[in-house]
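Engineer: Here is a sequence together with a model predicted from it:
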Amino acid sequence: MKKIIFFLIIFPIIINNNCLAKIKKIRIGYLEAGQFWAYDGIYNAFKQSLKEKGWGNKIEFPPNAHFSPGWEPEHVPEYEQRARELMERKDIDFVIAMGTAATQALLKVNNGKKPILAMGVADPLASGFIKSYHDSGIDNFTIRVVPNRWKIMFEIFYDVVHFKKLGIMYSDTKTGRVYANLKDAREVAKEKGFKLIEYNKLSTAEELCECDKGLDYLISKGIDAFFISSLVCFDWTKSDVQKLMNKLIKNKIPTFARDGSSYVQAGALMGFSSMDFSAMGDFLANMAIQIFKGKKPRDVNMIDRPSPKIAVNLETALKIGFDFPVTILIASDEIYDKIILPSNRKFK
């Protein structure tokens, strides 16, 4: 009798341990077109938030399912190849699309089944990735959306600087125009009455020599402000950005850095503050958790409404002879009193 009682007590424990051993972790694949500092910030904040929300032991990110082919033109065909691999692999349950090019590649080979969460995309609506701000239009796809973010950005820059000719450059491809937020720039130019001076002869590699030539062209056209969009030639970890910034400062041209704080600290006049990715990481983690729990990606709320935060650089302002309105200084979230180049820059 004692043996029977002992067996009945121990048997459930054995069953529970076996069940725990069979619990399958959610395996997450990742695709980006190439390395970019903001992608790292977003992705790390996303993973950290999942961990803080108790999902650290329930998910894993296999190194052999993390792809970053590169921005050079010869790597472009690999985007779709890697996207197809992630969608077809049986050992991957969930896919992260980081950036516009990666999202475009994954949606092109989408099987309609495996969940895709896109992040770090410049403009989901303009890219044609979603049906509307409230509906992705694709059952297994969702993405973080900040309505009118870039339009507000151009409006803030104009309201502070009151320029007459805003310079902008980009690769004349669908992705290149989206990275430059061209549609919003043109709309605000029309509404505010300034002229948008465009240089669209960059290749998809967006090399330093091309951007340097582009700046020369824009300066020759009399620009009195320049928009630093998401360009590889302005990525401090890959390019000699100081050469471009010095040219802009020498010509006393106010600049707005779309991708934020590190650019402002390194010499842009102003830009969106982006030192802290934690709030974005929390929003994205909450989206993913809903999907992990069984919610259809299309049914997950996509709209995030963070308050715009501004960073300014006082040394740059002094060098180009620009006086910030007191109201802007009071409202700024980050104020740098001197130019400090990134410690991780490629060229020193």
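Structural biologist: Nice, I can see it.
Engineer: C-alpha only now, for contacts and for neighbours.
Structural biologist: Noted.
Engineer: Does the residue nearest to Ile328 when sequence neighbours are not counted belong to a helix, a strand or coil?
Structural biologist: Closest residue in space to Ile328, ignoring its immediate chain neighbours: Val160 at 7.6 Å, by Cα to Cα, 6 or more residues apart in numbering. Secondary structure state of Val160, per DSSP: H, G, I helix; E, B strand; the rest coil, is helix.
Engineer: dump the residue contacts of Val160.
Structural biologist: 324-325, 328 (Cα atoms under 8 Å, 6 or more residues apart in numbering).
Engineer: Which of those residues has the largest number of neighbours?
Structural biologist: Using other Cα atoms under 10 Å as the neighbour criterion, Phe324 leads these with 16 neighbours.
Engineer: What distance do you get for it to Glu334?
Structural biologist: According to Cα to Cα, to the nearest Å, Phe324 and Glu334 sit 14 Å apart.
Engineer: Unless I misread the structure, Arg345 falls within a helix.
Structural biologist: No: per three-state DSSP, Arg345 lies outside any helix segment and is coil.
Engineer: How many residues are close by it?
Structural biologist: 15.
Engineer: Do I have it right that it meets Lys238?
Structural biologist: Yes: with contact defined as Cα atoms under 8 Å, Arg345 reaches Lys238; the gap is 7.4 Å.
Engineer: sorry, back to before: the contacts of Val160 in helices, which ones?
Structural biologist: Within the contacts of Val160, membership in helices is found for Ile328, as judged by DSSP state H.
Engineer: want to throw the contacts of Val160 into JSON lines with pLDDT and distance to Asp93?
Structural biologist: Below are those laid out as JSON lines (pLDDT from 0 to 100; distance: Cα to Cα, whole Å):
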{"residue": "Phe324", "pLDDT": "95", "distance to Asp93": "50"}
{"residue": "Pro325", "pLDDT": "93", "distance to Asp93": "51"}
{"residue": "Ile328", "pLDDT": "91", "distance to Asp93": "46"}
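Engineer: what's the spacing between the residue nearest to Ile328 and Thr255?
Structural biologist: Taking Cα to Cα as the measure, Val160 falls 11 Å from Thr255.
Engineer: same question, Ala311
Structural biologist: When distance is defined by Cα to Cα, Ala311 is 12 Å away from Thr255.
Engineer: any shared contact partners between those two?
Structural biologist: When contacts are counted by Cα under 8 Å, 6+ apart, Ala311 and Thr255 are jointly contacted by Met270.
Engineer: Near the closest residue in space to Lys131 that isn't next to it in sequence, how many other residues are there?
Structural biologist: With Cα to Cα, 6+ apart as the criterion, Lys131 has its nearest non-adjacent residue at 5.1 Å, and that residue is Gly137. When neighbours are counted by other Cα under 10 Å, Gly137 registers 14.
Engineer: now do Pro73
Structural biologist: Count around Pro73 with other Cα under 10 Å applied: 11.
Engineer: My read is that it contacts Thr204, right?
Structural biologist: Yes: Pro73 is in contact with Thr204 according to Cα under 8 Å; the separation is 6.2 Å.
Engineer: Low-confidence ranges, the protein, go.
Structural biologist: By pLDDT under 70, the weakly predicted segments of the chain are 1-23, 275.
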